[in-house]
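Enquirer: just the structure for this:
(one chain, ligands or ions: 2)
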Amino acid sequence: MPFHLDDLDLDSIPDPYHSVLRRMAAAVEDRAVTPAVAIKVIREHLVPLLSDVDSALVSIQGQPSWDKIRTLYPALVFASESQQKQLLAAIGRLIELFVRHSDRPPREIDFPPFIEVFSFNRVCGYLGVPIAKPLLETNDGTRDLYRFCKYCWLPARRKDVCAFHTTSFDEASAARSQPACAHISLKQAQRLRTAFEQHVLALTTRDEMEFHQSGFDLPALLPPSGLSHWLDVRRPHLASLVRKQADTSANSLRILSAVLYGEELGAKVVEAIGGAVYLWTPITTRAEGWLAAWAAKSPRGGARRRGIKLLEV
Ligand SMILES: [Zn+2]
Ligand SMILES: [Zn+2]
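Expert: Numbering: from 1, shown residues only. Ligands and ions are numbered 1, 2, ... in the order given. Model prediction:
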């Protein structure tokens, strides 16, 4: 049967779900599992296990495709973490197993590595806004601006870190017009990482929950006008940093880009993103999480260094 239950390690799955998996396999019979078949089986056998509210998490819009079905698993795990509902993660896991093992060899699944980008894509999907990733041409190749450094919001250059958060970075060269995250040392960035990730997750969760609760009305995406107000409401730490740099001549997107990337790179990013300003959203989520984590940490422990004043909120 084309849901290859015998390929699964059933011991890793809680008992009550074995019968669910068997019913799914029986429903498929000998048919090849297309996206349409998969979504039908998911609707008939998994959705009824969820409450009415939660079942919305398993809805996909338009034509079923593997890409859309693949987003269900992280969506459920994400909701499970933020709402403390184990069942959601379990259902997500069953979907993952079903997608993987309804083919042989198992279907590969890869997920966007950054929760804030994943959530942003979902919000774009709900709003019917095109999902794009901003690319930046540099001297050494094309950089995906959403492929973040693990310690900050800059694009990773190599090995998951940006130009500033490597051991080879010369701190003495950190000039005034560097991105805000370049003003702390690699050691400090490493110590900040866990809190940083927690703040990003919390902020992402809050934004997406409020967006849903508002009936998709909440301005979750960075708007084409009213940037300062949006920052004040949705990204307060970033807003105060932007305000500090503000002089009357520059527009707020210019200042935001300089705070986030430094002046030189910032200008290039403004150009690369152009009018699709909503693409700044996940970058601001990450920066806000970072600044909030920095602001929340104890002022002791050698944090008082050159440049750090800039980050005082
Ligand atoms: Zn950085
Ligand atoms: Zn970095």
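Enquirer: use CA for all of it now, contacts and neighbours both
Expert: Noted.
Enquirer: can you pull the pLDDT of whichever residue of the stretch 1-150 of the chain sits closest to ligand 1?
Expert: Relative to ligand 1, the nearest point of the stretch 1-150 of the chain is C149 (6.9 Å; Cα to the ion). pLDDT for C149: 93.
Enquirer: that one and D160 touch, don't they?
Expert: Yes. Judged on Cα atoms under 8 Å, C149 makes contact with D160 at a distance of 5.2 Å.
Enquirer: ok now do the residue of the stretch 1-150 of the chain closest to ligand 1, which residues does it touch?
Expert: C149 makes contact with P155, A156, R157, D160, V161, C162, H165 under the criterion Cα atoms under 8 Å, 6 or more residues apart in numbering.
Enquirer: try it again with 10 Å
Expert: For C149, the contact set (Cα atoms under 10 Å, 6 or more residues apart in numbering) comprises P155, A156, R157, R158, K159, D160, V161, C162, A163, F164, H165.
Enquirer: looks to me like R143 is in a strand.
Expert: Yes. Counting by DSSP: H, G, I helix; E, B strand; the rest coil, R143 falls inside a strand.
Enquirer: please parse the protein into its domains.
Expert: 5-101, 120-133+174-311 (automatic domain parsing).
Enquirer: mind giving me CSV with those domains and columns for mean pLDDT?
Expert: Shown next, in CSV, are these (pLDDT from 0 to 100):
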stretch, mean pLDDT
domain 5-101, 86
domain 120-133+174-311, 85
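Enquirer: including mean neighbour count, could these go into CSV?
Expert: Formatted as CSV, the domains of the chain follow (neighbours: other Cα atoms under 10 Å):
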stretch, mean neighbour count
domain 5-101, 16
domain 120-133+174-311, 17
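Enquirer: can you lay out these as CSV showing distance to ligand 1?
Expert: As requested, the domains of the chain are exported to CSV (distance: least, Cα to the ion, whole Å):
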stretch, distance to ligand 1
domain 5-101, 25
domain 120-133+174-311, 4
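Enquirer: quick one: the helices in the stretch 101-250 of the chain?
Expert: Ranges of helices in the stretch 101-250 of the chain, per DSSP state H, counting those that start in this stretch, are 115-127, 186-213, 227-234, 236-245.
Enquirer: and those helices: which comes nearest P282?
Expert: Closest approach to P282 among the helices of the stretch 101-250 of the chain (Cα to Cα): helix 115-127, 5.6 Å.
Enquirer: packing partners of the closest one?
Expert: When contacts are defined as 3 or more Cα pairs under 10 Å, 6 or more residues apart in numbering; DSSP states H and E, helix 115-127 packs onto helix 72-83, helix 186-213, helix 281-296.
Enquirer: closest residue of the stretch 1-150 of the chain to ligand 2?
Expert: Nearest residue of the stretch 1-150 of the chain to ligand 2, counting by Cα to the ion: C149, 4.6 Å away.
Enquirer: what's the spacing between that residue and L253?
Expert: Using Cα to Cα, to the nearest Å, C149 is found at 22 Å from L253.
Enquirer: sorry, back to before: got the helices and strands packed on helix 115-127 as a markdown table, with distance to ligand 2 columns?
Expert: Listed next are the helices and strands packed on helix 115-127 as a markdown table, based on distance: least, Cα to the ion, whole Å:
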| stretch | distance to ligand 2 |
| --- | --- |
| helix 72-83 | 24 |
| helix 186-213 | 8 |
| helix 281-296 | 11 |
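Enquirer: related to what we said a few turns ago, determine which two of the contacts of C149 are furthest apart.
Expert: K159 and F164 (12.5 Å).
Enquirer: neighbour-wise, which of these two wins?
Expert: Neighbour tally, K159 and F164, criterion other Cα atoms under 10 Å: the higher count belongs to F164, 25 against 9.
Enquirer: I'd say that one and H183 touch.
Expert: Yes. If you go by Cα atoms under 10 Å, F164 and H183 touch, sitting 9.2 Å apart.
Enquirer: nearest the geometric middle of this protein, what residue?
Expert: By Cα atoms, centre = their mean, the chain has its centre lying nearest to E116, at 1.8 Å.
Enquirer: residues in contact with it?
Expert: So E116 contacts 122, 146, 200-201, 203-205, 207-208, 281-286 (Cα under 10 Å, 6+ apart).
Enquirer: returning to that earlier point: okay, and the common contacts of C149 and D160?
Expert: Both C149 and D160 lack any common contact, where contact means Cα under 10 Å, 6+ apart.
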